[in-house]
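In: show me the folded form of this:
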Amino acid sequence: QVQLVESGGGLVQAGGSLRLSCATSGGTIVGLFAMGWFRQAPGKDREFVAALGVSGGAACYADSVKGRFTISRDNGKSTVYLQMNSLKPEDTAVYYCAARFGTAGELMADYQYRGQGTQVTVSS
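Out: This is a model prediction of the structure:
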């Protein structure tokens, strides 16, 4: 059973940075999965943020975060990260980590596993 646990969320001022972590458990070899980050703001649909292909695969980003966010993985720690810089109030949301077999994608419904989320709040 693959379990994903997000951490690192919090309150930050606009222009600041946060690094989210997604720790996997259950013997997960994170390098075998495509990993994604998604977010959901109050009253809005869940949206794609970033994804990383199976170990060695390319990363892709939503246009709204390109150049500000970076997704990465540490296979030794079975952890995936989302480094968020130059944060804006519109980045406020609950951020979710997800894992899937096969190629990375932008639809959370295609991911077999997901975490419970971590809250990110950016004040203006």
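In: could you use CA atoms for every contact and neighbour count after this?
Out: Fine.
In: to what extent is G31 buried, counted in neighbours?
Out: 20 (other CA atoms under 10 Å).
In: so who does the spatially closest residue to it that is not a sequence neighbour touch?
Out: Closest residue to G31 apart from its sequence neighbours, by CA to CA, 6 or more residues apart in numbering: S55 at 4.6 Å. S55 is in contact with 31-34, counting by CA atoms under 8 Å, 6 or more residues apart in numbering.
In: just among those residues, which is most surrounded?
Out: Neighbour tally across the contacts of S55 (other CA under 10 Å): the maximum, 23 neighbours, falls on A34.
In: send me stretch 14-29 as CSV with only the CA atoms.
Out: C-alpha atoms of stretch 14-29 as CSV (Å, rounded to 0.1, in the frame of the first residue of the first chain):
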residue,chain,number,x,y,z
ALA,A,14,3.9,37.5,-0.8
GLY,A,15,7.3,37.1,-2.4
GLY,A,16,8.4,34.5,0.1
SER,A,17,9.3,30.9,-0.4
LEU,A,18,8.2,27.5,0.9
ARG,A,19,9.3,24.0,0.2
LEU,A,20,6.7,21.2,0.3
SER,A,21,7.7,17.6,0.9
CYS,A,22,5.8,14.5,0.0
ALA,A,23,7.1,11.5,1.9
THR,A,24,6.2,8.1,0.7
SER,A,25,5.9,4.9,2.7
GLY,A,26,4.8,1.3,2.3
GLY,A,27,8.1,0.3,0.6
THR,A,28,7.5,2.8,-2.2
ILE,A,29,10.4,3.3,-4.5
